[in-house]
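**Q** show me the folded form of this:
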Amino acid sequence: MATPIPPAIRQPLDRTAVSVMVVLCTIWASQTIMIKLASPDMGNVAQVGIRSVGATLLLWCYALWSGDRLWQKDGSLRPGLLAGFLFAMEFVCVTFGLMLTSATHVAVFLYTAPLFSALGLHFLVPGEQLSRRQWVGMGLAFAGLALAMSDGFLAQQGIDWQMFAGDLIGLAGGAFWGVTTVAIRASALSEVSPVKTLMYELGFTGALLTPMAWLLGEFDSFHFTLTSSLSLAYQTTILCSASYLGWLILLRRYLATRLAVFSFLTPIIAAVFGWLILGDAISHSFIGGGVLVMLGIMVVNRR
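**A** Numbers count the residues shown, from 1 in each chain. Predicted coordinates:
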């Protein structure tokens, strides 16, 4: 009989974790497409706010059905509110960054998150340190992402200060995402129910972004059509509820630094979706960058 793993110990990735992460990255890659499909009828901020509220209610019902004790004292309130704030600010940065710069730029800067989380975990969480080889792998993965998305940068002529501001906001979004992972792993949230942790995150996001959307006037042109309703339902159930819960469950068992590097796959998969569904072009630099991302992931996770 296998010896139980102590609560504070996290494992390197196995085949199950790799398979689940590929599925999660694929779901996350569909996010921009789902938001774009609904955007003619629902503002981006409104979508994020409403889906967060809906997912929080779904998780509440699931917790009641499963007997998950959400109100017991476990020391998670303060770190939970912090994680909720950080999680919400990530999406605030994404939505406002997209208003100022291109989706390509936001994708590159948002996916600096594994670098921020690796740095924070290295100093704050025992067992999460990366070796020199693994830092090289992390660098290869990010360099591959930058190379894959380089066409979107090279197409710009001169300095566009509005786009530069959007890039900084995208970078801030990546920092918030990375620090959220650190806040979860370095606090009592590391051992509480993943459902409870996700309710902190989604509840805070819904409470912040829904009134923000109203202040921005997005509800003035809000319409439920078949396309927007299906998109919102997908975002609420599959994206927010299922995939984010799956991510937190993985964080309970596996090393966060090894998991985080897999998120570099998300914009690569999103670009492939754009090629398959929207007919977007795939360049040689994109193919080379994708290879580097895969190589970096393998270097980080090689036992």
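
**Q** could you pull out the helices for the stretch 201-303 of the chain?
**A** 226-234, 244-253, 256-260, 265-273, 284-301 (DSSP state H, counting those that start in this stretch).

**Q** please apply the same query to the stretch 51-200 of the chain.
**A** Under DSSP H, counting those that start in this stretch, the stretch 51-200 of the chain gives helices at 77-100, 103-110, 113-124, 132-148, 150-154, 161-185, 194-215.

**Q** deepest-packed of these, please.
**A** helix 103-110 (a mean of 23; mean count of other CB atoms under 10 Å). Every residue, glycine included, has its C-beta placed from N, CA and C.

**Q** which elements pack onto that one?
**A** helix 77-100, helix 150-154, helix 161-185, helix 265-273 (3 or more CB pairs under 8 Å, 6 or more residues apart in numbering; DSSP states H and E).

**Q** minimum distance to residue 128: which of these has it?
**A** Closest approach to residue 128 among these is made by helix 161-185 (7.0 Å; CB to CB).

**Q** between that closest one and helix 113-124, how many degrees?
**A** 40 degrees (axes from the mean of the first three to the mean of the last three CA atoms, to 10 degrees).

**Q** so for helix 161-185, mean pLDDT?
**A** The average pLDDT within helix 161-185 is 87.

**Q** can you name every helix or strand that that helix contacts?
**A** Helices and strands touching helix 161-185, by 3+ CB pairs under 8 Å, 6+ apart, are helix 77-100, helix 103-110, helix 113-124, helix 244-253, helix 256-260.

**Q** quick check, residue 167 in contact with residue 107.
**A** No: if you go by CB atoms under 8 Å, residue 167 and residue 107 don't touch, sitting 11.1 Å apart.

**Q** now stretch 29-44: average pLDDT?
**A** For stretch 29-44, mean pLDDT rounds to 85.

**Q** how about the contacts made by residue 302?
**A** 133, 137 (CB atoms under 8 Å, 6 or more residues apart in numbering).

**Q** returning to that earlier point: for residue 63, which of the helices of the stretch 201-303 of the chain is the nearest?
**A** Taking the helices of the stretch 201-303 of the chain one by one with CB to CB, helix 244-253 is closest: 11.2 Å.

**Q** for the closest one, the distance to its chain's centre please.
**A** 12 Å (CA atoms, centre = their mean, to the nearest Å).

**Q** how about stretch 123-139?
**A** 20 Å.

**Q** for the residue nearest to residue 204 when sequence neighbours are not counted, what are its contacts?
**A** Using CB to CB, 6 or more residues apart in numbering and skipping residues adjacent in sequence, the residue nearest residue 204 is residue 84, 2.8 Å away. Residues near residue 84 by CB under 8 Å, 6+ apart: 200, 201, 202, 203, 204, 205.

**Q** please apply the same query to residue 258.
**A** Shown in contact with residue 258 (CB under 8 Å, 6+ apart): 12, 13, 300, 301.

**Q** wait, the last one touches residue 261, no?
**A** If I follow you right, that is residue 301. Yes: using CB under 8 Å, residue 301 is in contact with residue 261, at 7.3 Å.

**Q** of the two, which one has the most company?
**A** Set residue 301 next to residue 261 and count neighbours by other CB atoms under 10 Å: residue 261 wins out with 29 against 21.

**Q** look up how far residue 128 lies from the more buried one.
**A** 12 Å (CB to CB, to the nearest Å).

**Q** again with residue 289
**A** Distance from residue 289 to residue 128, by CB to CB: 27 Å.

**Q** of these two, who's got more company?
**A** Neighbours were counted for residue 289 and for residue 128 using other CB under 10 Å; residue 289 has more, 25 against 21.

**Q** got the contact list for that one?
**A** 143, 144, 145, 146, 147, 148, 149, 150, 268 are the contacts of residue 289 under CB under 8 Å, 6+ apart.
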